[in-house]
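# Coordinates for the following, if possible.
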Amino acid sequence: MGMFEVSLIVLAVLFTALASGLWVALALTLTALAALLTRPALPDAQILATSFWSASTSWDLTALPMFIWMGEILFRSKLSEDLFAGLSPLMRRLPGRLVHVNVVGCAIFAAISGSSAATTQTIGKISLPELKQRGYDDRIAIGSLAGAGTLGLLIPPSIILIVYGAAVEQSIARLFIAGVVPGIVLALLFMGYVALVATLKPSLMPPEADVIAPESAFRSFRRILPTILLIAGVIGSIYGGIASPTEAAVIGVVLALVITAAQGMLTRANFIESLMAATRVSAMIAFILAGAAVVTTAMGFTGLPRELAAYISSLELSPLALLAALTLFFMVLGCFLDGISMVVLTTSVVMPLVTEAGFDLIWFGIYLVIVVEMAQITPPVGFNLFVIQGLTGQNIFRIAVATAPFFGLLALMVVLLALFPDLALFLPRTMFSGG
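Modelled structure (predicted):
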């Protein structure tokens with residue numbers, strides 16, 4: 001059977017399985033089985049079992065459940081209230097005033113959550129009602145929240161970076177650190193846009209200064225200090241070489257428990273609920289990764305990625321042209337799949353092309369996450385849009401229109417990353433070297 005026929009069979013099985021509503025992990029396993037069956041001489045069952053076991057015992061994945069649990073613990077704390085109350089007095093003098101709380105609050109929570117949906121939900125449930133009550137325009141409030149909520153995928157500890165690192169066998173610690181500067185630059189782009197809109201269209205902001213309880217900058221900062229210390233403990237220990245990502249995740253869980261206990265929110269019910277939620281999410285991601293490992297192995301046996309890489313090479317595309325084509329490909333794929341599924345589905349096919357083009361795999365991971373962030377706010381399957389729809393009850397396409405400028409800023413970030421690769425690569429190069 002030729003490569004063209006194998007490609008048709010693989011695509012037909014994959015899209016049929018996904019369209020039928022089958023779990024992504026099972027759809028991937030069926031696809032792998034279909035690919036293996038095109039090569040009758042292969043021991044299908046043995047390959048499936050070996051790939052599943054190898055993916056399930058990866059040491060890189062041990063950080064995953066701990067970081068997810070840390071986010072789940074803090075999701076059930078008073079963190080969102082403290083962030084809004086602590087940041088509001090600090091942001092009110094900037095053009096755009098409290099809209100910046102959406103961006104800065106999401107950036108801070110992203111550094112302890114690792115999930116885009118959790119970041120959007122946690123910050124949005126406090127900020128959107130407050131902004132609406134104070135008279136801020138719905139579009140800028142919703143758009144800034146949807147855009148900034150995607151920072152949960154980029155700013156470490158990022159769940160999707162753990163998934164990518166495990167899939168392509170790259171250092172998760174270096175991927176985490178590589179996401180820091182692009183995450184900060186992206187947050188600054190969002191804040192710059194909000195300030196520009198507030199300056200050019202003051203009608204979108206309340207006519208009078210917001211009524212905020214008088215509070216000194218020091219007292220405001222004190223409310224967010226525990227969160228900043230937690231971030232410093234987790235990211236600093238990784239960057240300084242004191243702890244591996246798994247050990248840093250344990251540090252994060254301990255600090256999260258301490259913060260939640262100090263707030264009086266560490267009840268038996270909250271503890272069990274957070275533990276079970278983290279278990280469910282971790283099992284789901286691990287199952288998807290196991291399915292992806294099977295697909296990767298099966299594709300290797302069919303020779304399809306190698307043939308595709310050879311075909312793309314024969315087109316003699318420049319690295320930037322290849323990057324543009326991949327960006328368009330991921331944007332289309334993101335209209336139908338969530339971020340983790342996108343990463344695990346495409347790894348086996350895309351990585352040979354990326355390696356052949358000479359892209360650094362750490363850099364490519366950050367690029368890929370930013371493109372996945374764009375997919376998070378792209379209808380019809382933009383997860384952040386669904387989260388905000390649940391918070392506001394508004395039509396999802398109206399939410400998408402409000403988010404469009406922030407989609408454009410994400411696209412701009414992709415361009416900046418392509419033009420200035422050191423945005424992602426400078427910090428990883430300085431790790432463990434004292435600077």
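# Low-confidence stretches in the stretch 301-435 of the chain?
Confidence mapping of the stretch 301-435 of the chain against pLDDT under 70 gives the ranges 305-306, 308-309, 313, 335-338, 379-381, 432-435.
# one more time with 50
Low-confidence segments of the stretch 301-435 of the chain, defined by pLDDT under 50: 433-435.
# buried stuff in stretch 22-31?
Buried residues in stretch 22-31, counting neighbours by 16 or more other Cβ atoms under 10 Å, are found at 24-25, 27-31. All C-beta spots, glycine's among them, are computed from the backbone N, C-alpha and C.
# Point out the ones among those residues that are inside helices.
When the buried residues of stretch 22-31 are checked against helices (DSSP state H), the matches are 24-25, 27-31.
# so what's residue 274 closest to, chain neighbours aside?
With Cβ to Cβ, 6 or more residues apart in numbering as the measure, residue 72 is the residue that lies nearest to residue 274, at 4.0 Å, once sequence neighbours are left out.
# The host helix or strand of the one you found packs against which elements?
With elements taken from DSSP states H and E, the one containing residue 72 is helix 63-75. Judged by 3 or more Cβ pairs under 8 Å, 6 or more residues apart in numbering; DSSP states H and E, helix 63-75 is in contact with helix 99-113, helix 116-133, helix 159-168, helix 245-262, helix 268-302.
# Figure out how far the longest one is from the centre of its chain.
Pointing back at helix 268-302 there. Between the centre of helix 268-302 and the centre of its host chain there is 16 Å, according to Cα atoms, centre = their mean, to the nearest Å.
# what's the answer for the first one, then?
Offset of helix 99-113 from its chain centre (Cα atoms, centre = their mean): 13 Å.
# As CSV, could you dump the C-alpha coordinates of that helix?
As requested, the backbone C-alpha atoms of helix 99-113 are provided in CSV (Å, rounded to 0.1, in the frame of the first residue of the first chain):
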residue,chain,number,x,y,z
VAL,A,99,-9.1,46.9,32.9
HIS,A,100,-5.4,46.4,33.5
VAL,A,101,-6.4,44.3,36.5
ASN,A,102,-7.6,41.7,34.0
VAL,A,103,-4.2,41.5,32.3
VAL,A,104,-2.0,41.7,35.3
GLY,A,105,-4.3,39.4,37.4
CYS,A,106,-4.3,36.8,34.6
ALA,A,107,-0.5,37.0,34.2
ILE,A,108,0.0,36.5,38.0
PHE,A,109,-2.5,33.6,38.2
ALA,A,110,-1.0,32.1,35.0
ALA,A,111,2.2,31.7,36.9
ILE,A,112,0.6,29.5,39.5
SER,A,113,-2.1,27.8,37.4
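# Residue 358 contacts residue 319, correct?
Yes - at 6.6 Å, residue 358 counts as touching residue 319 under the criterion of Cβ atoms under 8 Å.
# Which of the two has more residues huddled nearby?
Using other Cβ atoms under 10 Å as the criterion, residue 358 and residue 319 rank with residue 319 on top: 13 against 7.
# Show the contacting residues for the closest residue to the more buried one other than its chain neighbours.
Take residue 319 and drop its neighbours on the chain: the residue closest to it by Cβ to Cβ, 6+ apart is residue 357, 4.9 Å away. Taking Cβ atoms under 8 Å, 6 or more residues apart in numbering as the criterion, residue 357 is in contact with 319, 322-323.
# Which of those residues fall within helices?
With DSSP H as the criterion, helices contain 319, 322-323 from among the contacts of residue 357.
# Can you tell me which of the residues you listed is nearest residue 239?
Residue 239 has its nearest neighbour among these in residue 323, at 27.8 Å by Cβ to Cβ.
# how near is the closest one to residue 252?
For residue 323, the distance to residue 252 (Cβ to Cβ, to the nearest Å) stands at 34 Å.
# The two - which one has more neighbours?
Set residue 323 next to residue 252 and count neighbours by other Cβ under 10 Å: residue 252 wins out with 29 against 21.
# Please tell me how far the more buried one sits from residue 294.
Here the distance between residue 252 and residue 294 works out to 31 Å (Cβ to Cβ).
# picking up where we left off before, switch the ones in helices among the contacts of residue 357 over to a markdown table; also include distance to residue 138.
As requested, those are exported to a markdown table (distance: Cβ to Cβ, whole Å):
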| residue | distance to residue 138 |
| --- | --- |
| 319 | 41 |
| 322 | 40 |
| 323 | 35 |
